[in-house]
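A.B. asks: Predicted model, plus sequence, below.
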Amino acid sequence: MSGPLIECVPNFSEGRRHEVIEALVAPFRNRRGCSLFDHRADPDHNRLVVTLVGQPEPIQEALIEAAKIAVERIDLETHQGGHPRIGAVDVIPFVPLRNITMEDCITLARDFGERYYQETGIPVYFYEEAAIRPERRQLERIRQGQYEGLKTAVADPARRPDVGEPRLHPTAGATVIGARKFLIAFNVNLGTTDIEVARKIARAVRASSGGLCHVKGIGLALKDRGLVQVSLNIVDFEKNALYRVVELIRMEARRWGVNLVETEVDGMMPAAALLDSAAYYLQLSGFDPNQVVELRLLEMEEDEGKTGKETL
């Protein structure tokens with residue numbers, strides 16, 4: 001795919017009704033210039049995370065179509081789930097991948113936010129690199145109080161949306177739109193039903209309470225599975241490696257006599273993040289990612305595409 005290439009990871013507040021999930025994902029299928037890489041619905045979170053890669057224009061068209069479906073099919077007045085949210089379409093981040101800069105993605109996010117409000121009637125907050133107000137760089141600051149709290153707080157000038165009137169959509173709430181670096185949504189599940197253990201560990205690990213500088217985290221219950229979860233966003237995996245996060249949580253869990261059961265990745269992740277942790281656990285000496293044959297082949301194909309010259 002030539003031209004500017006972005007990743008987009010819209011999050012919808014629906015993780016339980018299969019027919020609604022399929023309807024939300026449908027606009028992203030079989031659309032030229034927009035590839036559906038992954039979609040995962042979590043019934044405990046009651047949330048759908050979709051990963052798209054493609055060109056800005058077709059991705060925006062698909063997002064508008066999916067958002068209109070969300071307005072019709074999701075009602076925040078009755079929605080319940082473990083994950084914080086303020087909207088039926090909760091978050092839409094744009095991530096620069098190739099032939100496009102972060103500055104371009106900031107402009108894309110802000111222009112799309114204006115169009116999004118005009119076509120859906122859902123007010124918009126801008127976050128991360130696209131934030132207009134410095135305090136709104138952090139998603140958790142915008143989500144404070146969630147949908148139920150924001151319904152009244154939105155009248156406060158400090159909480160007013162960046163696009164739209166100072167009131168939420170009556171059923172679809174508000175949407176947070178932004179531009180950011182690649183993020184890894186990473187969950188660690190623990191062998192206990194005590195939600196306080198997950199919350200204490202999340203506080204120990206996340207940046208906002210003195211933990212790792214590039215980690216955000218909350219504790220959630222996985223009631224159907226008899227587990228609890230430390231749900232994390234790793235916003236810079238090069239500075240806070242996955243293995244370091246896992247080992248810190250394992251160490252904290254031991255304090256409470258709890259075992260780490262498994263880990264999960266929501267959506268996509270860079271190969272470099274996995275290789276870094278593999279090298280750590282295998283105690284590989286002098287390992288270079290260029291030793292991975294598939295990565296070398298991809299690099300070779302890319303070189304051939306640029307030069308038109310076959311290298312084998």
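C.D. replies: It's in.

A.B. asks: rest of the way, CA atoms for contacts and neighbours
C.D. replies: Noted.

A.B. asks: got the CA coordinates for the strand or helix carrying residue 296 in CSV?
C.D. replies: Take DSSP states H and E as the rule and residue 296 turns out to sit in helix 293-307. Taking Å, rounded to 0.1, in the frame of the first residue of the first chain, the C-alpha atoms of helix 293-307 are listed here in CSV:
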residue,chain,number,x,y,z
VAL,A,293,14.5,-14.5,9.1
GLU,A,294,10.9,-13.3,8.6
LEU,A,295,11.9,-9.7,9.4
ARG,A,296,14.8,-9.9,7.0
LEU,A,297,12.5,-11.2,4.2
LEU,A,298,10.1,-8.3,4.8
GLU,A,299,12.9,-5.8,4.7
MET,A,300,14.1,-7.4,1.4
GLU,A,301,10.6,-7.2,-0.1
GLU,A,302,10.4,-3.5,0.9
ASP,A,303,13.7,-2.8,-0.7
GLU,A,304,12.6,-4.5,-3.9
GLY,A,305,9.4,-2.4,-4.0
LYS,A,306,11.5,0.8,-3.7
THR,A,307,14.1,-0.1,-6.3
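
A.B. asks: Which of the residues in that helix are classified as buried?
C.D. replies: Within helix 293-307, no residue is scored as buried using 16 or more other C-alpha atoms under 10 Å.

A.B. asks: what's the answer for stretch 128-141, then?
C.D. replies: Result for stretch 128-141 [16+ other C-alpha under 10 Å]: buried residues 128-131, 136-137, 139.

A.B. asks: starting at the chain centroid, how far to it?
C.D. replies: Averaged C-alpha coordinates place stretch 128-141 at 15 Å from its chain's average position (C-alpha atoms, centre = their mean, to the nearest Å).

A.B. asks: before we move on, what about stretch 179-189?
C.D. replies: Taking C-alpha atoms, centre = their mean, the mean C-alpha location of stretch 179-189 is offset from the chain mean by 6 Å.

A.B. asks: Same check on stretch 124-135?
C.D. replies: 16 Å.

A.B. asks: Okay, and residue 25 sits in which element?
C.D. replies: Going by DSSP H and E, residue 25 is part of helix 18-25.

A.B. asks: Just list what that helix packs against, helices and strands only.
C.D. replies: helix 56-73 (3 or more C-alpha pairs under 8 Å, 6 or more residues apart in numbering; DSSP states H and E).

A.B. asks: Flag every buried residue along the helix it packs on.
C.D. replies: 56, 59-60, 62-71, 73.

A.B. asks: OK, contacts around residue 196?
C.D. replies: residue 219 (C-alpha atoms under 8 Å, 6 or more residues apart in numbering).

A.B. asks: how would you label it: helix, strand or coil?
C.D. replies: The three-state label given to residue 196 by DSSP: H, G, I helix; E, B strand; the rest coil is helix.

A.B. asks: Against residue 219, how distant is it?
C.D. replies: Distance, residue 196 to residue 219, by C-alpha to C-alpha, to the nearest Å: 8 Å.

A.B. asks: same check, this time on residue 37
C.D. replies: 27 Å.

A.B. asks: can you check residue 192 too?
C.D. replies: Residue 192 sits 12 Å away from residue 219, going by C-alpha to C-alpha.

A.B. asks: quick one: common contacting residues for those two?
C.D. replies: Shared between the contact lists of residue 192 and residue 219 (criterion: C-alpha under 8 Å, 6+ apart) are residues residue 228.

A.B. asks: related to what we said a few turns ago, now the helix holding residue 25: buried residues?
C.D. replies: Across helix 18-25, burial judged by 16+ other C-alpha under 10 Å covers 20-21, 24-25.

A.B. asks: what sits up against stretch 54-64?
C.D. replies: Contacts of stretch 54-64 (C-alpha under 8 Å, 6+ apart): 1, 3-8, 27-28, 31-35, 52, 108, 112, 116, 119-120.

A.B. asks: Just the buried ones from these?
C.D. replies: By neighbour count, with 16+ other C-alpha under 10 Å, these hold 5-8, 27-28, 33-35, 52, 108, 112, 116, 120 as buried.

A.B. asks: how about the residues you listed in JSON lines, adding pLDDT?
C.D. replies: As requested, the buried ones among the contacts of stretch 54-64 are exported to JSON lines (pLDDT from 0 to 100):
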{"residue": "5", "pLDDT": "95"}
{"residue": "6", "pLDDT": "97"}
{"residue": "7", "pLDDT": "95"}
{"residue": "8", "pLDDT": "97"}
{"residue": "27", "pLDDT": "97"}
{"residue": "28", "pLDDT": "97"}
{"residue": "33", "pLDDT": "94"}
{"residue": "34", "pLDDT": "96"}
{"residue": "35", "pLDDT": "95"}
{"residue": "52", "pLDDT": "96"}
{"residue": "108", "pLDDT": "98"}
{"residue": "112", "pLDDT": "98"}
{"residue": "116", "pLDDT": "98"}
{"residue": "120", "pLDDT": "98"}
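
A.B. asks: Done for today, thanks.
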